[in-house]
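1. show me how the following folds:
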Amino acid sequence: MSLAFPSLPPALLQLHQTLGVPPDYPARHRLPFHPEADENQLVEIGRTDEDRPIRLLAPAAAAWTNLRLAAAADGITLIPISGFRSIARQAEIIQRKMAAGEASADIFRYVAAPGFSEHHSGRALDIASPEHIELDADFARTAAYRWLHHHAGRFGFLLSYAENGDCGIGFEPWHWCWYR
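-> Numbering: from 1, shown residues only. Okay, the predicted model is just below:
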């Protein structure tokens, strides 16, 4: 058993081994462990294209509603793409990318290892706009991103993975986390 994860549950350690998560992942990426939110405290804020519910913790959902309404008042449409994600779902995403032939180093540059994704907390939200629905760096060129950059903090949302960030996760202009 690796000493790099002394406080992680054994099942998560095993999952990391299966997925090839490097033992120094938490230290190298400087990411905290995020336990899964209590499912009973999550509320639905929308649905994905695959008809999966998009859920957040109730206070984060209320903040999202206020953020979205304020953006709309300024002529900006914000679309929720992803919210709460279980550890098992995070592992499925990684396994799907591996099966498609993506290298582990590339995967872990944009997908946090299970247990280290803010999505587990029920506070993280991936956001798009009708003009740019893809979750890629080009979202930073949209009016929606510029609006979020200037106003999201008023509602408790912070950009988690900034350009030139130091956590080893690439720039994700779509990924915002509620911290109040």
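
2. show me the shaky parts of this protein.
-> Residues of the chain meeting the criterion pLDDT under 70: 1-6.

3. and the helices in it, which stretches?
-> Secondary structure of the chain (DSSP state H): helices at 10-19, 25-29, 58-73, 87-99, 104-110, 143-151.

4. mind putting those into JSON lines with mean neighbour count and distance to Arg47?
-> C-beta: built from backbone N, CA, C; applies to glycine. Putting the helices of the chain into JSON lines (neighbours: other CB atoms under 10 Å; distance: least, CB to CB, whole Å) gives the following:
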{"stretch": "helix 10-19", "mean neighbour count": "15", "distance to Arg47": "27"}
{"stretch": "helix 25-29", "mean neighbour count": "16", "distance to Arg47": "31"}
{"stretch": "helix 58-73", "mean neighbour count": "18", "distance to Arg47": "14"}
{"stretch": "helix 87-99", "mean neighbour count": "16", "distance to Arg47": "15"}
{"stretch": "helix 104-110", "mean neighbour count": "15", "distance to Arg47": "23"}
{"stretch": "helix 143-151", "mean neighbour count": "17", "distance to Arg47": "20"}
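
5. those: which one's closest to Pro130?
-> Pro130 lies closest to helix 143-151 among those, at 8.7 Å (CB to CB).

6. export the closest one as PDB, just CAs?
-> Provided in PDB are the C-alpha atoms of helix 143-151 (Å, rounded to 0.1, in the frame of the first residue of the first chain):
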ATOM      1  CA  ALA A 143     -18.900  36.600 -23.700                       C
ATOM      2  CA  ALA A 144     -20.200  34.000 -21.200                       C
ATOM      3  CA  TYR A 145     -16.700  33.300 -19.900                       C
ATOM      4  CA  ARG A 146     -15.900  37.000 -19.700                       C
ATOM      5  CA  TRP A 147     -19.100  37.600 -17.800                       C
ATOM      6  CA  LEU A 148     -18.300  34.700 -15.400                       C
ATOM      7  CA  HIS A 149     -14.700  36.000 -15.000                       C
ATOM      8  CA  HIS A 150     -16.000  39.400 -13.800                       C
ATOM      9  CA  HIS A 151     -19.200  38.400 -11.900                       C
END
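
7. between it and helix 58-73, how many degrees?
-> Comparing the axes of helix 143-151 and helix 58-73 via axes from the mean of the first three to the mean of the last three CA atoms, to 10 degrees yields an angle of 120 degrees.
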